[in-house]
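K.L.:
after the sequence you'll find the predicted model.
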Amino acid sequence: MWAALEILSQANFWAATIRIATPLIFGVLGALLCERAGVLNLGIEGIFVAGAMSGWLAVYLGLPLWGGVLVAALVGALFGLIHGVLTVPLGLSQHVTGIGVTLLATSIAYFGYRVAFPNVGTPPRIDAFPPLDLPLLRDVPFLGPILGQQTAFTLLAFACVIVLALVLARTPLGLALRAVGDNPEAVEAQGLSVVGLRIGAVMAGSALMALGGAFLTLSAFNAFYFGMINGRGWVCIALTVFASWRPGKALLGALLFGALDAYQLRLQTITGGAVPSQIFLMLPYLFSIAALVLLARRADYPRALMKPYFKGQR
Amino acid sequence: MIRFVPRERTPVWLTLAVSVGAGLVALLLTAIPLALSGAPVLQAFWLMVEGAAGSGFAFAETLTRATPLIFTGLAVAVAFRAKLWNIGAEGQLYAGALATVALGAGMLELPPALLVPVVLVGAAVAGAALLLVPVFFKMRFGADEVVVTLLLNFVVLLFVQMMLEGPMKDEMALGWPQSAPVLDEATLPKLVPGLRLHGGLVLAVVCAIGLHVLITRTVWGFRIRAVGENARAARYAGLPVGKAMALVGLLSGGLAGLAGASEVAGLKGYLTADLSPGFGYAGIVVATLANLSPLGVIPAAVFIAAVFVGADSMSRAIGVSNYLADLVVALSLLCVMVGGLLIRFRIVRVRRETA
Amino acid sequence: MIALTAPDQPDRPPHETRPLVLSLSGITKRFGSLVANDAIDLDVRAGEIVALLGENGAGKTTLMSILFGHYVADEGTVHIADAAGQLAPLPGGSAEAALRAGIGMVHQHFALAENLTGFENIVLGTVPLWRLGFGKATARAKVARLMKETGLEADLGVPVGRLSVGEQQRIEILKALYRDVRVLILDEPTAVLTPQEADGLAETVKALSKKGLAVIFISHKLHEVLALCERVVVLRGGAKVADRPTAGADRATLAELMVGREIPPRERAPATLGAPVLRLAGVDVGAPGERDRLEGADLELRGGEIIGIAGVSGNGQGALAALVAGLKAPRNGSCEIVGHAATRADPSARIGAGVGRIPEDRHRDGTIGALSVAENYVLETLAASENQRHGLLRRSAIRARAAQAIRDYDIRCPGPEAPIRALSGGNMQKVVLARVLERAPRLILAHQPTRGLDIGATTDVHRRLLAARGRGAGILLISEDLDELFALSDRIAVIHAGHLSPAMDAAGLDTRTVGLMMAGHSAEEAA
């Protein structure tokens, strides 16, 4: 029992929490940006895969690390464009299109990887983002080791939280995005383009999602594996409801989830195999389901979410 | 400028043409990455066709692969008809497979005439139970069933792994995490000696016909359609919306569970954690290709199965990754959705000018 | 009510000398074979209030949608004056171009984002999207100045979803004025207001026009048009049939122009009262915090009479209708429907008890668009033996009965197998009526039964409701249209903020009293 509590005092645990949470921060931010504009993007799972694979491949082929980040974002935006075009002007089912985009992005990534590396046993590696070297913070007890294990990519995630929160709350663009997810007619009547805003939001949101994938191959690990995303994208969709579509709460939700995941990993070693490991591995998924179910009734969904809008059809 | 004008009626030939056309366009689009990978495109496609339908043996293999896809396609079709977005057929398939092993691998000793039905019913109940949980969450709490069913897929797979490494592990399997084999009395009969084709295919076709009759001819089918098209109006008219949704959940989950039973008791003989290479997700593609028509699910499943079998065969022959098959499947889904616009709308060109 | 006096603006220059701000010529718009607008010409001058009058489907909304860039005209041109007063062509198909040219539109269904504040809705789209800030201070100052000048008051600091309909409308008008519009289009602006609120709106519009704003006032309410506007343009069947000053016109002539024929007065026999079919005593519906709720309602409706419920929508009509339709259960009090205590929310039990329900929104609640006319016809009676046997649908019997209903009710449709969404609103409503009346209901809930229907279809619905009354059915008529309420009801009750007034004899009532009660005054105050 004491050992289970003692975990919380380990700097290692908190460092792992942030590391696990970082891709989810990107994912939830991306999902909430799409949904704030009225589009559910279930392509997230596949876009994670595509971002992970493309960002990593770009670095493997010689681009600098930040170049890989950029490539991943562009690839994500491209899949966002596909999802956006199919669901916004064409008004196709956002559920099924999203699943289609996930299948497409995943299969392209896997096929591309197999084409590039037809017969390798161990996955090729790159030099991933190095841990931060913060001259002043390094020696702060507890906090120093936690931050010292993070990379610049993590800082980017935190920066994205702040930027997205400010854009949504304070800028004309944020106003228009919030409006288009509530009542597209209001946006149209004020001379703005519903299609443009929504596709733009989906592209930007998808770019964020792809960064979540790229974090895994460029920072958390240094290689690309099949099945490495393993439902992280879907978890983000659940956490978006938990976050009530707010960037600040998205950060909170991702960290909470990260803490849970890091905790169960450590708990596994404590229990020493007395409890099957799969029980622990299920916990994060069950937690996501529970969060979704308990909050669904109270959730303040964007009013126009999943409702296609056609100009001149009132 | 283009405008979509809703159709009052859609000719049947158009529905067929769109599905076939979408499949062809998807194959064409696949040629791009295929060419980029440096493979001989035409030869690759030809090898795929030959591998899927070039011989009686190849076609039997395609039908064998189509069997679980018919089940999962039907599961998705009936759910989507009622706007129940069941993306969890994969998990329900595993639940059915687990029940098959639990009941059919020695727990019960019955003659085949009894054990086979018991195993099938058990698998259907397991799949249905797994889907009824998100259906309940949806009706009671308004929780989006998409995310819940998706996440349950991972939970179920972990549970299967746990069982295969623990209570259900076959000690004879030299450390491999796999279950004990199902008894001969629980095994579905082979259709043709020497081929892998099994009784699951017959059952799948019967299910498709049964579902077609249910949806078009019965009161409950009417209620399912009504609830799916406009749940508010259905409730206003006094239709039992909750019961109809529960029925859809039972049917959809049950059919997906049967896919698992059919794979275990008809084909593999035991359960492993890699039983399904994504049959549940492919079921979404099958159902969409079939325009959610139960009878249409059969040819759609055969097409998707042919893509998988053909791609495997081509991959063995010229070393192009068989992930190409997933690419074709994904593109088919997106193409048929775009094509679906042609089914629902007439596309009219409108002059755009200064008014 | 808007005061029925002729407009007098002696301090204004005569009509022709004021500069032209808007000129439409030869506007034609077709939807398939339907000609929605047929070569329409329309000139509007500065400071003028022009009424655009016509039935539903006459082409008013289409014409204004072309002006505002929602549709592109097939033929014809729109010219609008620029800041210097020079007429210039307006590019079609762009709301942005219309806004920039100085056209503002207040839609019947407000184009407001409910999660934004009033202020945010007003400035939405007026600042380039990529700018970092708003210039909030100047914007706020401008809005404050506009509110002061026009007297349009609204709370701009809270999400508009929490505001009343009247406040939302004022924000819509401010939104247009903020963009310095020269032409303001008001689409059925009084439909959602109490008569007194409508008066206030009329005053505002007059004040704005005095400042030189041109106003196009779309309506089908003749008295408003006569009271407020200087000139009236009448559309019928997509064509312009009249363009004349309101001075010298009266309601009868305008009505005839609008409909194209004389409107026969409705005939109704005196009521022969039967047993009570609906009895409410102290009934509460909905939680206390809800906007659309019912509190302590008492009502007795007997067979053979029509009770009309007047009120601005959202004051509890929804709760009352949901109670009678079986969608909601009473929280307190006793509710007796056709002799049975109704304690649970159970639509099928209401149907079984002999309640016929005409829902407010036939697309949302009344029909299932993708299903056929025949299937919609039997929607409420699926379990009955004439529709099924052992769970199997009797498809040919259903089709035959639907075909009979199509003949009896003169439903224009390709046939019983056609999807009902292909039908016009009036024909769709006839299917609902046929379904409701088929089982000779004892109690009929008619919630906005003629909303969105043209005069022909409206007359038909009224005739059939009166016939049902003649057969002894009790009818609860919930409507926002006072003309309809007075034409059909034996007694009228007013609903405001969840409170239902006693039902008063319609013969002794006038619209002014009802209007004051709709705004929350008691019957004594209003009388």
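P.N.:
Cool, got the structure.
K.L.:
need the contact list for the residue nearest the centre of chain C.
P.N.:
By Cα atoms, centre = their mean, chain C has its centre lying nearest to C:Ala191, at 5.3 Å. Applying Cβ atoms under 8 Å, 6 or more residues apart in numbering or on different chains to C:Ala191 gives the contacts C:108, C:480. C-beta here means a position set from N, CA and C on the backbone, and glycine is covered the same way.
K.L.:
if we use 7 Å, what do you get?
P.N.:
C:Gln108 (Cβ atoms under 7 Å, 6 or more residues apart in numbering or on different chains).
K.L.:
how about B:Ala35?
P.N.:
With Cβ under 7 Å, 6+ apart, B:Ala35 has these contacts: B:Val41.
K.L.:
with the one 10 residues further on instead?
P.N.:
Contact analysis of B:Phe45 by Cβ under 7 Å, 6+ apart lists B:Leu27.
K.L.:
nearest to chain B: which residue in the stretch 51-200 of chain C?
P.N.:
Nearest residue of the stretch 51-200 of chain C to chain B: C:Gly92, at 3.0 Å (Cβ to the nearest Cβ).
K.L.:
what number of residues lie near that residue?
P.N.:
Other residues lying near C:Gly92 total 22 when counted by other Cβ atoms under 10 Å in any protein chain shown.
K.L.:
quick check: the gap between it and chain A.
P.N.:
12 Å (Cβ to the nearest Cβ, to the nearest Å).
K.L.:
just B:Glu165 next, same as before
P.N.:
Noted for B:Glu165: a distance of 7 Å to chain A, by Cβ to the nearest Cβ.
K.L.:
do stretch A:218-225 and chain B meet?
P.N.:
No - against chain B, stretch A:218-225 shows no contacts by Cβ under 7 Å from any Cβ of the partner chain, the least distance being 13.6 Å.
K.L.:
quick one: end-to-end length of that stretch, please.
P.N.:
12 Å (Cα to Cα, to the nearest Å).
K.L.:
now that stretch: mean pLDDT?
P.N.:
Across stretch A:218-225, pLDDT averages out at 95.
K.L.:
same thing with stretch A:173-189?
P.N.:
pLDDT averaged over stretch A:173-189 gives 95.
K.L.:
ok, now stretch C:407-416?
P.N.:
90.
K.L.:
now it: buried residues?
P.N.:
For stretch C:407-416, burial by neighbour count (16 or more other Cβ atoms under 10 Å in any protein chain shown) applies to C:409, C:411, C:413, C:416.
K.L.:
returning to that earlier point: per-residue pLDDT, the residue nearest to the centre of chain C?
P.N.:
For C:Ala191, pLDDT reads 74.
K.L.:
same question, the one 4 residues further on
P.N.:
Here, the pLDDT recorded for C:Pro195 equals 74.
K.L.:
remind me which residues of the chain are low pLDDT?
P.N.:
Just going to use chain A. Residues of chain A that meet the criterion pLDDT under 70 lie in A:1, A:312-314.
K.L.:
hmm, no, I was thinking of chain B.
P.N.:
B:1-3, B:8, B:349-355.
K.L.:
and the strands in it, which stretches?
P.N.:
For chain B, applying DSSP state E gives strands covering B:2-6, B:345-349.
K.L.:
near chain C, which residues of the stretch 101-250 of chain A show up?
P.N.:
A:171-173, A:175-176, A:178-179, A:182-183, A:185-186, A:188-192.
K.L.:
most surrounded residue in those?
P.N.:
Neighbour-wise, these (other Cβ under 10 Å) top out at A:Ala179, 31 neighbours.
K.L.:
coming back round to it: pretty sure the residue of the stretch 51-200 of chain C closest to chain B sits against C:Val72.
P.N.:
Yes - with contact defined as Cβ atoms under 7 Å, C:Gly92 reaches C:Val72; the gap is 4.4 Å.
K.L.:
not counting sequence-adjacent ones, nearest residue to whichever residue of the stretch 101-250 of chain B sits closest to chain C?
P.N.:
With Cβ to the nearest Cβ, the shortest gap between the stretch 101-250 of chain B and chain C falls at B:Gly238, namely 3.1 Å. Closest residue to B:Gly238 apart from its sequence neighbours, by Cβ to Cβ, 6 or more residues apart in numbering or on different chains: C:Ser348 at 3.1 Å.
K.L.:
report pLDDT for that neighbour.
P.N.:
At C:Ser348, pLDDT is 94.
K.L.:
chain center to the helix or strand hosting it, what's the gap?
P.N.:
Element membership of C:Ser348 [criterion: DSSP states H and E] is helix C:347-353. Relative to the chain's own centre, helix C:347-353 is displaced by 29 Å; criterion: Cα atoms, centre = their mean, to the nearest Å.
K.L.:
can you check stretch B:270-288 too?
P.N.:
Its chain's average C-alpha position is 7 Å from that of stretch B:270-288, according to Cα atoms, centre = their mean.
K.L.:
try stretch C:205-222
P.N.:
For stretch C:205-222, the distance to the chain centre is 19 Å (Cα atoms, centre = their mean).
K.L.:
quick revisit: burial check on the residue nearest to B:Gly238, number of neighbours?
P.N.:
17.
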